[in-house]
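S.K.: here's a sequence, model it:
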Amino acid sequence: MREVQLGDVIDDFCVKCKRIMNHSVVSMMGPDPAKVRCRTCYSDHDYRHEQAPPPKVDNRKSALFNEVLSKLQPDTTAAAPAEEPEKPKAKGKKK
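M.R.: Here you go, the predicted model:
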């Protein structure tokens, strides 16, 4: 396998495009690429070894969601009584 050099085109995950795209090697740290530039959107970022970053989880949102779920009544899964559909009103002259 060939060693990577400055200016070589390699695949990496672009944080702006959010996909694996072609990148140019911008800087090296020893024999490995350190920074790359996306050849599609021209954004520079650290070399990610073709790995997407983990999704961000907001603990405040999940805690609030769990609190709301805990307050719901357990019988909410029971079928609600069916409502009759509204009858269309006859179009007529108003007196």
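
S.K.: wait, residue 5 sits on residue 26?
M.R.: No: shown here, residue 5 and residue 26 do not form a contact pair, counting by CB atoms under 8 Å, at 11.7 Å. C-beta here means a position set from N, CA and C on the backbone, and glycine is covered the same way.

S.K.: ok, the two, which is more surrounded?
M.R.: residue 26 (15 against 10; other CB atoms under 10 Å).

S.K.: next, the more buried one: phi, psi?
M.R.: Backbone torsions of residue 26, given as degrees, to the nearest 10, read phi -100, psi -40.

S.K.: wait, what's in contact with it?
M.R.: 6, 35, 36, 37, 44 (CB atoms under 8 Å, 6 or more residues apart in numbering).

S.K.: for the third one, give the beta-bridge partners.
M.R.: Going back to what we said before, that points to residue 36. Listed by DSSP bridges, the beta-bridge partners for residue 36 are residue 25, residue 45.

S.K.: what sits against it?
M.R.: If a contact means CB under 8 Å, 6+ apart, then residue 36 has 10, 12, 23, 24, 25, 26, 44, 45, 46, 47 as its contacts.

S.K.: what's the spacing between the fifth one and residue 12?
M.R.: Residue 25 sits 9 Å away from residue 12 when distances are taken as CB to CB, to the nearest Å.

S.K.: name the residues contacting each of the two.
M.R.: 36, 47.

S.K.: what comes up buried for stretch 39-55?
M.R.: For stretch 39-55, a neighbour-count test (16 or more other CB atoms under 10 Å) marks 45, 47, 48 as buried.

S.K.: need the distance between the two termini of it.
M.R.: End-to-end distance for stretch 39-55: 24 Å, by CA to CA, to the nearest Å.

S.K.: check stretch 41-61 too.
M.R.: Start-to-end span of stretch 41-61 (CA to CA) is 32 Å.

S.K.: quick one: contacts of it?
M.R.: Counting by CB under 8 Å, 6+ apart, 11-18, 20, 23, 25-26, 32-38 sit against stretch 41-61.
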